[in-house]
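K.L.:
Pasting the sequence and the predicted coordinates here, then a few questions.
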Amino acid sequence: MGTLNLEGVSFRYPGPGETVLDEVTLVIPAGGIFGLLGPNGAGKTTLISILAGQLREATGSISADDEPLEALRRRRPHSLGLVPQEYAFYPMLSCAENLRFFGAMQGLAGARLKERVIAAAAFARIESALARRAGRLSGGLKRRL
C-alpha cells in the first residue's frame, strides 16, 4: 500500500456522548512507520478500528494512493492489517503451528503456506522461536507473533 491520507476524519459512537475523533487529518507516507500516541480515551483504538474496516460510520475521507480505502479494501482485502491489543494466538501451539494455522485460515496451503510462514517469521524476527510454545515466549516475542 502507498501513501495513506486521512482528511477530516470524525467519529462519534451511537447514543449520548462526546465525539471520539474530531477532524483528524494526517498523511502516512508509503513505507513509513507511524506511531499513534495519546492518553486513554483519545481515540487511538477507534482510529485504528476505522482504518481496519471494523468501524464504518466515520465521516471524512480516507484514501491510499488517492484510492478510497473502502474501494482498496474490496479490491485487495489483505492490504491492511491490524495487530490487536491483546495477544491473538494459541498459547499451547508452537509459533510455527500458530503461523500455519492462521495462514490456513486465510486460504493458504502447501508450498505457498510454508513460504508465507517463513516470510512472516523473518519479518517479525522470530525465526529462532518457531519451535517454541507461544505461551512460553517473552512479552516482546508474544507481541511479534
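P.N.:
Here it is on my side, so go on. This is a predicted model, so every value here is computed, not measured.
K.L.:
Tell me where the model's unsure across this structure.
P.N.:
1, 78-84 (pLDDT under 70).
K.L.:
again, only this time at 80
P.N.:
Counting by pLDDT under 80, the chain shows low-confidence ranges at 1-2, 17, 32-33, 73, 76-86.
K.L.:
which one's the longest helix in it?
P.N.:
The longest helix of the chain (DSSP state H) is helix 110-124.
K.L.:
what does the following helix or strand past it rub up against?
P.N.:
Next along the chain after helix 110-124, taking DSSP states H and E as the criterion, comes helix 139-144. Helix 139-144 is contacted from outside by 83, 87, 89, 124, 125, 126, 129, 134, using C-beta atoms under 8 Å, 6 or more residues apart in numbering. C-beta coordinates here come from the backbone N, C-alpha and C atoms, glycine included.
K.L.:
my guess is the fourth one meets residue 130, correct?
P.N.:
No. Counting by C-beta atoms under 8 Å, residue 124 sits too far from residue 130 to count as a contact (10.4 Å).
K.L.:
ok, back up a step: name the residues of the longest helix of the chain that are buried.
P.N.:
Neighbour-count burial for helix 110-124, counted by 16 or more other C-beta atoms under 10 Å, picks out 113, 116, 117, 120, 121.
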